[in-house]
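Asks: A predicted structure for the sequence below; I have some questions about it.
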Amino acid sequence: MKVEVFENFSLKFGVKLTFGGEMLVQRDGRFFLLNSNVNFLVRDDFFYAGIYLGKVIDGKVFPSFNLLDMLVKCEANRVVIGRKASWLFICGRDVFRKSILRIYGDVCRSEYVLVLNEFGECLGFGKVLVGLSEYSDKNVVAVANVLDVGDFLRRERVV
């Protein structure tokens, strides 16, 4: 069950990630990917091991940026956005059609895409609101922000 949740999540981006069941370990709803050298070292009371993939709560995946980077390497559906739009996306804003520089993959409305900056760095992911290839109005919100790298900083509280 746990492997299928992450495989189904990757399908939302147009790729199929496969994990060996023995390489995926769970601790308190958090999932980690281990290689065979580390797998035998992990005990039941570990805090962190291998590559953190994310959390699963009630069957819903809350991915880590490690997992998103894996999807980028697998040629998942993605959009590249400009410098100003990158900053706005990190601040939690949506992406306008005019800010999209390049589109990779078969990206259709209501699908998920990874959002990358001009340097190929994954900034997060979003949901496509309009057909990107045929839409002529450049001032329309094309990708709704779902998760971005600035989320962690926005959740920080000053004590």
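Replies: Perfect, I can see it now.
Asks: Tell me where the model's unsure across this structure.
Replies: Of all residues in the chain, those with pLDDT under 70 make up the ranges 1, 20-22, 36-49, 134-136, 156-159.
Asks: Quick check: which element contains the most centrally placed residue in it?
Replies: Closest to where the C-alpha atoms of the chain average out (Cα atoms, centre = their mean) is residue 68, at 3.7 Å. Residue 68 is located in helix 65-73, with elements delineated by DSSP states H and E.
Asks: can you give me the helices in this structure?
Replies: Per DSSP state H, the chain carries helices over the ranges 2-11, 36-39, 65-73, 83-90, 151-155.
Asks: can you list these in JSON lines and add distance to residue 144?
Replies: C-beta: built from backbone N, CA, C; applies to glycine. Converted to JSON lines, the helices of the chain look like this (distance: least, Cβ to Cβ, whole Å):
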{"stretch": "helix 2-11", "distance to residue 144": "18"}
{"stretch": "helix 36-39", "distance to residue 144": "37"}
{"stretch": "helix 65-73", "distance to residue 144": "16"}
{"stretch": "helix 83-90", "distance to residue 144": "11"}
{"stretch": "helix 151-155", "distance to residue 144": "14"}
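Asks: Residues contacting stretch 107-119, please?
Replies: When contacts are defined by Cβ atoms under 8 Å, 6 or more residues apart in numbering, stretch 107-119 is touched by residues 12-14, 68, 71-72, 76-83, 86, 89, 95, 101, 105, 122-133, 143, 145-146, 148.
Asks: Would you mind extracting the C-alpha trace of it into CSV?
Replies: Extracted C-alpha coordinates of stretch 107-119, given in CSV (Å, rounded to 0.1, in the frame of the first residue of the first chain):
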residue,chain,number,x,y,z
VAL,A,107,0.4,19.3,-19.9
CYS,A,108,-3.4,19.5,-19.9
ARG,A,109,-5.9,21.4,-17.8
SER,A,110,-6.5,20.0,-14.3
GLU,A,111,-3.2,18.2,-14.2
TYR,A,112,-0.2,18.8,-12.0
VAL,A,113,3.1,20.3,-13.1
LEU,A,114,6.4,20.9,-11.5
VAL,A,115,7.4,24.5,-11.5
LEU,A,116,11.1,25.2,-12.3
ASN,A,117,13.1,28.4,-12.5
GLU,A,118,15.4,29.3,-15.4
PHE,A,119,18.2,27.3,-13.9
